[in-house]
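Q: Got a sequence here, can you build the structure:
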Amino acid sequence: MFGNKKEGKAASGTEADAGANSQLEGINERIIAEYLRRGMIIKAIAFAESKVGVERAIQVCVEKEWFGYAANLAENNGDAERATQLRAEGIEVYMKKGMRVDAAGLAAKNGDIEGAIQTYVDAGDPEYAADLAEKNGYTERAIQLRAKEIEACEKRGDYDHAADLAEKNGDAERAEAYRTLASILRS
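A: Take a look at the predicted model:
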């Protein structure tokens, strides 16, 4: 009757540990879900990464369609191939949703500079496309894109912006002319 106290134990130490770990995992998932329900996505990702692991943090990113963030997590944890895959998935999702600027950003990060430039142009952002082109050695393409944007600025009467773009294209004389015109029109 008063023999070994361990005989009456219901579960071994490892079974109890497994149960406690399972319970903790459930609580952690509830915390992540609550952060997401409250719109606290960054907190949910950070919590998932610190308490559950990088893979769970990446899953949260993908669920919320934060593919760039997910790719950065993968890359920062030594998985460049997964990062490339996540960006490619993001490009596909963003293009289907008409989120071309976001898709172009991911394409650029994946090294598809020409695709990114064209996607920015298609999205109606030739100025950003020009900056990306110039930054990656496509100088002539950058000048052409800015020239188109300058024409658009002229049509809308945005001469200050046209001056900035002309200056970026190395046309100081034209930039000064636009600034003068803008100044006259303001007075």
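Q: My understanding was that Asn110 contacts Leu86; is that so?
A: No. Counting by CB atoms under 8 Å, Asn110 does not reach Leu86; the two are 9.6 Å apart. Backbone N, C-alpha and C define where each C-beta goes, glycine included.
Q: Tell me which of the two has more neighbours.
A: More crowded of Asn110 and Leu86, by other CB atoms under 10 Å: Leu86, with 26 against 19.
Q: mind checking the SS state of the spatially most central residue of the chain?
A: For the chain, Gly68 is the residue whose C-alpha lies nearest the centre (CA atoms, centre = their mean; 3.4 Å). Put simply, Gly68 is helix when judged by DSSP: H, G, I helix; E, B strand; the rest coil.
Q: can you give me the helices for this structure?
A: Secondary structure of the chain, counting by DSSP state H: helices at 13-37, 41-47, 54-63, 67-76, 80-96, 100-109, 113-122, 126-135, 139-156, 159-168, 172-186.
Q: Just give the nearest non-adjacent residue to the residue nearest to the centre of the chain, would you?
A: Ranked by CB to CB, 6 or more residues apart in numbering and with sequence neighbours excluded, the top spatial neighbour of Gly68 is Leu106, at 5.9 Å.
Q: So what's the residue count around the one you found?
A: Here the number of neighbours of Leu106 (other CB under 10 Å) works out to 26.
Q: so it makes contact with Tyr94?
A: Yes. With contact defined as CB under 8 Å, Leu106 and Tyr94 form a contacting pair (7.0 Å).
Q: who touches both of these two?
A: Overlap of the contact sets of Leu106 and Tyr94 (by CB atoms under 8 Å, 6 or more residues apart in numbering) consists of Phe67.
Q: care to break the protein down by domain?
A: The chain resolves into domains spanning 23-64, 68-124, 139-187 when parsed by automatic domain parsing.
Q: from the ones you listed, which stretch is densest packed?
A: domain 68-124 (a mean of 19; mean count of other CB atoms under 10 Å).
Q: tell me the mean pLDDT over it?
A: For domain 68-124, mean pLDDT rounds to 94.
Q: Now the terminal residues of that domain, how far apart.
A: 21 Å (CA to CA, to the nearest Å).
Q: how far is it from where the chain is centred?
A: Averaging C-alpha positions (CA atoms, centre = their mean, to the nearest Å) puts domain 68-124 8 Å from its chain's average.
Q: Need the domains of the chain in a markdown table (columns: distance to Asp131).
A: A markdown table is the format used below for the domains of the chain (distance: least, CB to CB, whole Å):
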| stretch | distance to Asp131 |
| --- | --- |
| domain 23-64 | 27 |
| domain 68-124 | 9 |
| domain 139-187 | 7 |
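Q: Tell me which of those domains lies nearest to Ala133.
A: domain 139-187 (4.1 Å; CB to CB).
Q: End to end on that closest one, go ahead and measure it.
A: Domain 139-187: ends 36 Å apart by CA to CA.
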